[in-house]
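S.K.: here is the input, now give the coordinates:
(one chain, ligands or ions: 1)
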Amino acid sequence: MTPGARVAAAIDILDAIAAGQAAEQALSRWARASRFAGSKDRAAVRDHVFDVLRHWRSDAARGGAETGRARMIGRLRAQGIDPDTLFDGQGHAPARLSVAERAPHDMPGDRGTAWDLPDWLVPVFEDSLGPHAKSQALALTGRAPVTLRVNLSLCDMSKAGAMLAQEGIETVPNPRADTALTVTEGARRLRNSAAYREGRVEIQDASSQAAVAALGRPGRALDLCAGGGGKALALAAYGWAVTASDIDPKRMKDLPERAARGRHKIDICAAEQVDARAPFDLVFVDAPCSGAGTWRRAPEAKWALTPARLAEFSAMQREVLTKAAPLVAPGGALVYATCSVLQSENSKQVEWFASQTSTFEVERETCWPVDEWGDGFYSAHLTRAD
Ligand SMILES: C[S@@+](CC[C@H](N)C(=O)[O-])C[C@H]1O[C@@H](n2cnc3c(N)ncnc32)[C@H](O)[C@@H]1O
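M.R.: Predicted coordinates for the structure are as follows:
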């Protein structure tokens, strides 16, 4: 495909998304109908689509309309690329720009457009992040790094880096966690590499790795909101004896295969059986949340979030904290974590929990920012006093 044809494909996919299709579904449909597209074409089209999704408002403003075509014009302008070089009407490239499209479009001065956030989230970001609100909102419009967790129970950092390099996957140590490598080249080869297939590395953001690294001497741990099992696997690699559970067992469907790859034994437990396994030295609550720290990876979620949905997350967080507390052994720890940068989901929830109980003490809270090394993440470490 020519660069122009890739842009034309992205425009069609963006229109399908604007009409209500999920981005992954729209991309898969296009890929199935476009057998001529090679892997580099598919990657380039995906990059265009996700770049626009991250800049949904500002691209529309720069392009002068809320269409896939205008947004793609806006995206090229933001990247300093003259749209005329790709919109040339040749072959499968998009039609030439009209006079109206070529006219400069002034960016509106409001912060929602400039920060690429829904208007209601601007004050929420300001309350949560103070002087960092703008820089964090803008950080969320960039591409996320691809980060690996080296499974130290099977491999050391330098061996993992060397194995990956042999297969054309270049990495650098990620300063956020001692187990983390950031991929700088060859990320698309990762899932076929020996290091990944043999469980020596797993894909996991460095902030999540850092949150698990800080948990001290291993014992019996419950990952109460295990989902795909990222935290459970990282805990097991540090030597914790892990029980994994989730209110929605379907969410754990990949966990047995991932655990087998990493050669970890994880006790996968139905939600109604958890009480019988208690107490635990550590209960890790990776709570359901807005995902605001990970919107680079899932930009549609940024535009789909509403105040009502945020309130629903808040209720779920309180419910899961309440459920977790009695499962912690005396002297044990409760870790509450989210991949959110919003105070209402983080410190406010821990404040609420602390106001409900005299049994737990808040030892420390840590916030990791959205930056070149990792996603926004929060964790609070509480200890059970009695
Ligand atoms: C942020 S995700 C977990 C991600 C996962 N820990 C990982 O590292 O891949 C939150 C999970 O919490 C689960 N969940 C929501 N409410 C719950 C509850 N009351 N009890 C247990 N799990 C719950 C959801 O089904 C979802 O899988």
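
S.K.: and the strands in the stretch 151-300 of the chain?
M.R.: 170-173, 180-185, 201-203, 220-223, 241-244, 266-268, 280-286 (DSSP state E, counting those that start in this stretch).

S.K.: deepest of the ones you listed, which one?
M.R.: Counting by mean count of other C-beta atoms under 10 Å, strand 220-223 has the highest mean neighbour count of those, with a mean of 27. Glycine gets a C-beta too; all of them are placed from N, C-alpha and C.

S.K.: enumerate the residues of the stretch 51-200 of the chain near the ligand.
M.R.: Counting by C-beta under 6 Å from any ligand atom, no position of the stretch 51-200 of the chain is adjacent to the ligand.

S.K.: Throw the strands of the stretch 151-300 of the chain into JSON lines and include distance to Thr359, thanks.
M.R.: Putting the strands of the stretch 151-300 of the chain into JSON lines (distance: least, C-beta to C-beta, whole Å) gives the following:
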{"stretch": "strand 170-173", "distance to Thr359": "39"}
{"stretch": "strand 180-185", "distance to Thr359": "34"}
{"stretch": "strand 201-203", "distance to Thr359": "34"}
{"stretch": "strand 220-223", "distance to Thr359": "17"}
{"stretch": "strand 241-244", "distance to Thr359": "21"}
{"stretch": "strand 266-268", "distance to Thr359": "25"}
{"stretch": "strand 280-286", "distance to Thr359": "13"}
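
S.K.: who's in contact with the helix or strand bottoming out on mean pLDDT in the chain?
M.R.: Taking mean pLDDT, DSSP states H and E as the measure, the chain has helix 99-102 as its least confident helix or strand, at a mean of 94. Here helix 99-102 makes contact (C-beta atoms under 8 Å, 6 or more residues apart in numbering) with 63-64, 70, 73, 83-84.

S.K.: which helix is the longest one in the protein?
M.R.: Counting residues, the longest helix found in the chain (DSSP state H) is helix 307-324.

S.K.: so what does the nearest residue in space to Ser358 that is not next to it in sequence have for phi and psi?
M.R.: Of all residues not flanking Ser358 in the chain, Ala385 sits nearest, at 7.8 Å (C-beta to C-beta, 6 or more residues apart in numbering). Per-residue torsions, Ala385: phi -80, psi -40 (degrees, to the nearest 10).

S.K.: buried ones in stretch 66-86?
M.R.: Neighbour counts over stretch 66-86 (16 or more other C-beta atoms under 10 Å) mark 68-78, 83, 86 as buried.

S.K.: next, format these as CSV and append secondary structure and pLDDT.
M.R.: Listed next are the buried residues of stretch 66-86 as CSV, based on DSSP: H, G, I helix; E, B strand; the rest coil; pLDDT from 0 to 100:
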residue, secondary structure, pLDDT
Gly68, helix, 98
Arg69, helix, 98
Ala70, helix, 97
Arg71, helix, 98
Met72, helix, 98
Ile73, helix, 97
Gly74, helix, 97
Arg75, helix, 97
Leu76, helix, 97
Arg77, helix, 96
Ala78, helix, 96
Pro83, helix, 96
Leu86, coil, 97
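
S.K.: put the alpha carbons of the strand or helix carrying Glu351 into PDB.
M.R.: Per DSSP states H and E, Glu351 falls inside helix 347-356. The C-alpha trace of helix 347-356 is given here as PDB (Å, rounded to 0.1, in the frame of the first residue of the first chain):
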ATOM      1  CA  SER A 347      -6.400   8.500  47.700                       C
ATOM      2  CA  LYS A 348     -10.000   9.500  48.200                       C
ATOM      3  CA  GLN A 349     -11.000   5.900  48.200                       C
ATOM      4  CA  VAL A 350      -8.300   5.000  50.700                       C
ATOM      5  CA  GLU A 351      -9.400   7.900  52.900                       C
ATOM      6  CA  TRP A 352     -12.900   6.600  52.800                       C
ATOM      7  CA  PHE A 353     -11.700   3.100  53.600                       C
ATOM      8  CA  ALA A 354      -9.600   4.300  56.500                       C
ATOM      9  CA  SER A 355     -12.600   6.200  57.900                       C
ATOM     10  CA  GLN A 356     -14.600   3.000  58.000                       C
END
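
S.K.: can you tell me the strand partners of the following helix or strand past that helix and which way each runs?
M.R.: With elements assigned by DSSP H and E, the helix or strand that comes after helix 347-356 is strand 360-368. Neighbouring strands of strand 360-368 in its sheet, by DSSP bridges, are strand 377-384 (antiparallel).

S.K.: does the partner strand come close to the ligand?
M.R.: No - applying C-beta under 6 Å from any ligand atom, one finds strand 377-384 separated from the ligand by no less than 10.6 Å.

S.K.: taking helix 347-356 as reference, get the angle to that strand.
M.R.: Here strand 377-384 runs at an angle of 10 degrees relative to helix 347-356 (axes from the mean of the first three to the mean of the last three C-alpha atoms, to 10 degrees).
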